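Visitor: Sharing a model prediction with you, sequence too.
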Amino acid sequence: MPTRFLRKAQRYFSSTPFPRSGSTERPPFNPEPSFKFTRSPNPNWKLGQGLSLEGVGAKEWKEDEEKGWKTWVTDDTPPQDCYRLLTSAIGPRPIAFVSTLSATGVPNLAPFSYFNMVAHNPPLISIAFTLSTRRPKDTRENIKATKEFTVNIISEPFIEAANSCSVESPEDIDEWIVSGLTQIPSTVVKPARVRESAVSLECELYHFHDICPPNSAEVTNSLVLGHIKLAHIRNAVLAEDGSTVDPQKLRPVARFGGMTYARLGEGFELSRPSWREIRDDVRYLTEKKT
């Protein structure tokens, strides 16, 4: 990027407030951590009970069945309507804040909520990209060309800065300047990590797959599987065991549809049932049903 243009962009973004959304009548953001542990909604639930009306909110949930269901035939639903529907229904979704370099070394930083963990052996994450009718996402093109990227987890304190990177800017614009966030050198890949992120994953491309609608040769989406080579995690967000992350300290931000982001709320713990402990009860229920 030309130095003259770079300086002009820095002056512009430092003096121009990024557009805000939401009503000014809403209460201010609560600075206290929102995550805490509670009991589960129905600690007295028993095998085979299904939706027990004793659970918190269960009675109202059951009554809502009387309102019925609305059905979308996805083959007959315009893609933009599918997008609005599914992004509002499938959530909260984690966000991959992806740092890449182009084949010529131009940095790029962008958030994507079509993202999740795929496996731990080998450690893989997935990111999917919707192909614009104008031009493919720079992140997609960069990963395809260089086969390297970092995924950084977004936390509450810098969500506005991360959100600013979702702007559809020309390819010669550096989103690091837009956000004001800080690059920190990675160890085994060339794209930088986000210093402000408490969790950063250095990834190499494991698999790249273009996706077409049924009976069509048009590529509408691309799926990337990334092999996590290094995971950098701030000491400050580690749990007491030193080997896991404390969600209350991480304060991750998630996505719903439209302009809606979500913070982590309350959590509860449910142990995985042991077959040895429940097998007699399950067999009894099975015999009773037959």
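Guide: Structure received.

Visitor: Mind naming the longest helix for the protein?
Guide: Longest helix of the chain, by residue count under DSSP state H: helix 275-289.

Visitor: where's that one relative to the chain centroid, distance-wise?
Guide: Counting by C-alpha atoms, centre = their mean, to the nearest Å, helix 275-289 is centred 38 Å from the centre of its parent chain.

Visitor: likewise stretch 95-107?
Guide: Its chain's C-alpha centre and that of stretch 95-107 lie 17 Å apart, by C-alpha atoms, centre = their mean.

Visitor: now stretch 135-143
Guide: 18 Å.

Visitor: tell me the mean pLDDT over it?
Guide: For stretch 135-143, mean pLDDT is 90.

Visitor: hey, C-alpha coordinates of stretch 71-87 in PDB?
Guide: Extracted C-alpha coordinates of stretch 71-87, given in PDB (Å, rounded to 0.1, in the frame of the first residue of the first chain):
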ATOM      1  CA  THR A  71     -41.900 -24.600   7.600                       C
ATOM      2  CA  TRP A  72     -39.500 -23.300   5.000                       C
ATOM      3  CA  VAL A  73     -38.700 -25.500   2.000                       C
ATOM      4  CA  THR A  74     -35.100 -24.500   1.500                       C
ATOM      5  CA  ASP A  75     -35.000 -25.400  -2.200                       C
ATOM      6  CA  ASP A  76     -37.800 -22.800  -2.700                       C
ATOM      7  CA  THR A  77     -36.400 -20.200  -0.400                       C
ATOM      8  CA  PRO A  78     -34.200 -17.400  -1.900                       C
ATOM      9  CA  PRO A  79     -30.600 -17.700  -0.600                       C
ATOM     10  CA  GLN A  80     -30.800 -14.200   1.100                       C
ATOM     11  CA  ASP A  81     -33.900 -15.400   3.000                       C
ATOM     12  CA  CYS A  82     -32.200 -18.600   4.000                       C
ATOM     13  CA  TYR A  83     -29.200 -16.600   5.300                       C
ATOM     14  CA  ARG A  84     -31.400 -14.400   7.500                       C
ATOM     15  CA  LEU A  85     -33.400 -17.300   8.800                       C
ATOM     16  CA  LEU A  86     -30.500 -19.700   9.500                       C
ATOM     17  CA  THR A  87     -28.100 -17.200  11.100                       C
END
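
Visitor: Thanks again, I'm all set now.
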